[in-house]
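[1] coordinates only, sequence not included:
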């Protein structure tokens, strides 16, 4: 099967989207031709396994672009800042089709959602069976800065993509429920779930966490917007006040971006030196090593009644086979953490409840060390996210998309 994949983000870009989609495509047995943005091809990695073409796009913003983004409701929000890439990418793909022939299947990956608008244009031009993959919701994304004028336009664009794609895939069942809750039931029949995946080979033979030294809890990822370490900091401060001996041999590391405004709380300043450490950003390979050598891996998300997001970093956490602890809203991440043998609590929970959960997990980790027992995640749930098990789902969905398109034409 000849597959044409459109993903603005692909290796060697360092975005999580590039890592996840690159992993999926490079492990597939299909004949894949991929078109992305960026300015380089990873000839020894991704491009050694996938035919990869780069269509450059200037992502930098000048003064006028910055002013327009803030002043004009539509600028950079319909659907995003990458819409200007579509014309150049379309011309490149048009030339590829003229040279190599029509592919059997078109797959577009958003974010950015401009990838799907390119897919819509290609669908109309070549009538190729089309699978549209969404890592995040589009018009329903609570973190998307959509003003009152741009939101209905994005909803209309989303609807157009969902109607014209032969099949659509999302990373969680919760996202499917959110997106299709506003559409007729017939449209939902196109929807499938394809989760993020981890690659066991990337963790190598790195030694697991030390049997001595501090109990280490790590959060790996960036904080921004309403996603804040505040619930964790407040809980640590509560433990330090009420049961300081619990934290005697504990180290909590925040690995990634942490805005300055989040470092100003009195609770943070009340913690003893060395208990909570902000390490800054690290490479992807180093992040996997840090996961593997942790006692507990933390997932923290913004407060909400329900979160449909399956963070790609959580898939990597699962691959590290460490204890998972989530300070996350009810929803996809909480469900996955619980299924993989971890525990979760809402960031809106009382500080004492979050502190109690931290206390229990620290004591359990300490006991495992004393007994020389490693944490064992439920095998069936953890292994379902291994790339070797996710790729067959993807390839099956690709075949299903072609069958749906053929049935539509026959009808």
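    Structure received. Computed from a predicted model, the values in this text were never measured in an experiment.

[2] buried sites along stretch 77-91?
    For stretch 77-91, a neighbour-count test (16 or more other Cβ atoms under 10 Å) marks 77-83, 85-86, 89-90 as buried. Where C-beta positions appear, they are placed from N, C-alpha and C, glycine not excepted.

[3] which residues in this structure form strands?
    In the chain, the strands defined using DSSP state E lie at 2-6, 31-36, 51-54, 105-110, 130-134, 167-170, 191-193, 215-220, 250-255, 276-278, 296-300, 323-327, 343-345.

[4] would you list those in a markdown table and tack on distance to residue 19?
    Shown next, in a markdown table, are those (distance: least, Cβ to Cβ, whole Å):
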| stretch | distance to residue 19 |
| --- | --- |
| strand 2-6 | 15 |
| strand 31-36 | 13 |
| strand 51-54 | 15 |
| strand 105-110 | 12 |
| strand 130-134 | 15 |
| strand 167-170 | 18 |
| strand 191-193 | 20 |
| strand 215-220 | 13 |
| strand 250-255 | 16 |
| strand 276-278 | 23 |
| strand 296-300 | 17 |
| strand 323-327 | 20 |
| strand 343-345 | 24 |
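
[5] mean pLDDT for those strands: which is lowest?
    With a mean of 92, strand 276-278 has the lowest mean pLDDT of these.

[6] ok, residues contacting that one?
    Strand 276-278 is contacted by residues 233, 236, 251-254, 258, 263, 268 when judged by Cβ atoms under 8 Å, 6 or more residues apart in numbering.

[7] name every strand pairing with that strand and say which way it goes.
    strand 250-255 (parallel) (DSSP bridges).

[8] got the angle between the strand it pairs with and strand 215-220?
    10 degrees (axes from the mean of the first three to the mean of the last three Cα atoms, to 10 degrees).

[9] adding neighbour count and distance to residue 15, write the contacts of strand 276-278 out as TSV.
    Output for those, formatted as TSV (neighbours: other Cβ atoms under 10 Å; distance: Cβ to Cβ, whole Å):
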residue	neighbour count	distance to residue 15
233	23	28
236	27	31
251	17	29
252	25	26
253	17	22
254	25	20
258	19	19
263	13	25
268	19	29
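
[10] tell me which of those residues is nearest to residue 288?
    Nearest to residue 288 among the contacts of strand 276-278: residue 253, at 14.7 Å, using Cβ to Cβ.

[11] test my guess that residue 389 contacts residue 381.
    No - counting by Cβ atoms under 8 Å, residue 389 stays clear of residue 381, with 11.3 Å between them.

[12] now, the most widely separated pair of the contacts of strand 276-278?
    251 and 263 (17.5 Å).

[13] contact partners for residue 5?
    Contacts of residue 5 by Cβ under 8 Å, 6+ apart are 21, 25, 32-35, 50, 107-109.

[14] got a list of what the nearest residue to residue 161 once chain neighbours are set aside touches?
    Computed as Cβ to Cβ, 6 or more residues apart in numbering, the closest residue to residue 161 that is not its neighbour in sequence is residue 116, at 4.6 Å. By Cβ under 8 Å, 6+ apart, residue 116 lies in contact with 79, 108, 110, 132, 134, 161, 165.

[15] from residue 14, how far off is the closest residue to the third one other than its chain neighbours?
    When the adjacent residues along the chain are set aside, residue 110 lies closest to residue 116, with 5.0 Å between them (Cβ to Cβ, 6+ apart). Spatial separation of residue 116 from residue 14 under the definition Cβ to Cβ, to the nearest Å is 23 Å.

[16] tell me the contacts of the residue lying closest to residue 179 once chain neighbours are set aside?
    Nearest residue to residue 179 in three dimensions, chain neighbours excluded: residue 137, at 5.4 Å (Cβ to Cβ, 6+ apart). By Cβ under 8 Å, 6+ apart, the contact set of residue 137 is 170, 175, 178-179, 308.

[17] quick one: neighbours of residue 49, just the number.
    Residue 49 has 14 neighbouring residues, counting by other Cβ atoms under 10 Å.

[18] quick one: residues contacting the residue nearest to it when sequence neighbours are not counted.
    Among residues not flanking residue 49 along the chain, residue 26 sits closest, at 4.4 Å (Cβ to Cβ, 6+ apart). By Cβ under 8 Å, 6+ apart, the contact list for residue 26 reads 32, 45-46, 49-50.

[19] could you redo the last one with a cut-off of 6 Å?
    Residue 26 makes contacts with 46, 49-50, as judged by Cβ atoms under 6 Å, 6 or more residues apart in numbering.

[20] domain assignment for the chain?
    Annotated domains of the chain cover 2-197+387-410, 201-380 [automatic domain parsing].

[21] show me where pLDDT drops low in the stretch 151-300 of the chain?
    205-212, 262 (pLDDT under 70).

[22] swap in 80 and give it another go.
    204-212, 225, 258-265 (pLDDT under 80).

[23] and the helices in it?
    Secondary structure of the stretch 151-300 of the chain (DSSP state H, counting those that start in this stretch): helices located at 173-180, 185-188, 230-242, 266-270, 284-292.
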